[in-house]
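Colleague: Just the structure for this:
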Amino acid sequence: MNGPQPTVALRLAVSDDIPRLEELIEVSVRVLQRGEYSEAQREGALGTVFGVDTQLIADRTYYVAVARGDDGSEILVGCGGWSKRKTLFGSDHGPDRTSELLDAGKDAAKIRAFFVHPEWARRGIGTLILNECEEAARKTGFRRLEMGATLTGVPMYAARGYKEVERISVPLKNGASLPVVRMAKEIR
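Modeller: Okay, the predicted model is just below:
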């Protein structure tokens, strides 16, 4: 993209965003995760491990990063959120889902479902969303954060103070398995 860079703004996701979020997640997974995951892993994870979690939207803890097109239209360039619920990762159809609320005094809030459009990658969008999530979780009383990070996301999260806790192998519906890294961070 030549010329001046469009400004990116954050807003809370709404249910009307779901079709565009699904498109964004698919292109992000298929392109940006090629280096770390096989085609079978990427395709097997779409819709379950990688996908929209409408609970995050309902809880008002999921953000979209938007830019304006030349015609003034809104372009979704990234998304991500945090959760006050026990589910670590996954879409509405993901494994190990629970809607049980966390206790901010003892549990870690979950950083969830970060995806950036490939044409907008490496421009600080993930960091912008992460900073917003960390601040919102902190204001809600959480002092610890954790996530199930993709191998693709680990370097960004590590650069922002997250430490690896364990590696998880998530079985997929197509027989493949997906390596995920549980990472955590203290916040004040």
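Colleague: any low-confidence regions in this protein?
Modeller: Within the chain, the segments meeting pLDDT under 70 span 1-5, 94-96.
Colleague: Go ahead and name everything in contact with the helix or strand that contains Pro155.
Modeller: Per DSSP states H and E: Pro155 is located in helix 154-159. Contact with helix 154-159 is made by 111, 126-127, 130, 147, 149, 164, 181, 183, as judged by C-beta atoms under 8 Å, 6 or more residues apart in numbering. All C-beta spots, glycine's among them, are computed from the backbone N, C-alpha and C.
Colleague: Return the residues in contact with Glu22.
Modeller: 51-52.
Colleague: again with Leu130
Modeller: With contact set as C-beta under 8 Å, 6+ apart, Leu130 has these partners: 80, 111, 114, 156-157, 160.
Colleague: Spatially nearest residue to Leu178 (excluding sequence neighbours)?
Modeller: The spatial neighbour of Leu178 that comes closest, neighbours along the chain excluded (C-beta to C-beta, 6 or more residues apart in numbering), is Val170 at 4.5 Å.
Colleague: The one you found: neighbour count?
Modeller: When counting by other C-beta atoms under 10 Å, one arrives at 20 neighbours for Val170.
Colleague: do the one 3 residues further on as well
Modeller: If you count neighbours by other C-beta under 10 Å, Lys173 ends up with 13.
Colleague: what's the answer for Gly80, then?
Modeller: Counted with other C-beta under 10 Å, the neighbours of Gly80 add up to 26.
Colleague: would you say it is within a strand?
Modeller: Yes: judged by DSSP: H, G, I helix; E, B strand; the rest coil, Gly80 forms part of a strand.
Colleague: For Asp71, see how far away it is.
Modeller: Applying C-beta to C-beta, to the nearest Å, the value for Gly80 to Asp71 is 26 Å.
Colleague: can I assume Phe115 is in contact with Glu26?
Modeller: No: judged on C-beta atoms under 8 Å, Phe115 makes no contact with Glu26 at a distance of 9.1 Å.
Colleague: quick one: which of the two has more around it?
Modeller: More crowded of Phe115 and Glu26, by other C-beta under 10 Å: Phe115, with 29 against 17.
Colleague: And for that one, nearest residue in space, chain neighbours not counted?
Modeller: Leaving aside its chain neighbours, Phe115 sits nearest to Ser28 (4.0 Å; criterion: C-beta to C-beta, 6+ apart).
Colleague: Just to check, that neighbour is in contact with Glu119?
Modeller: No: under the criterion of C-beta under 8 Å, Ser28 makes no contact with Glu119, lying 10.3 Å away.
Colleague: Please spell out the ChimeraX selection for the buried subset of the contacts of Leu130.
Modeller: In ChimeraX, this line selects whichever of the contacts of Leu130 come out buried by 16 or more other C-beta atoms under 10 Å:
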select :80,111,114,156,157
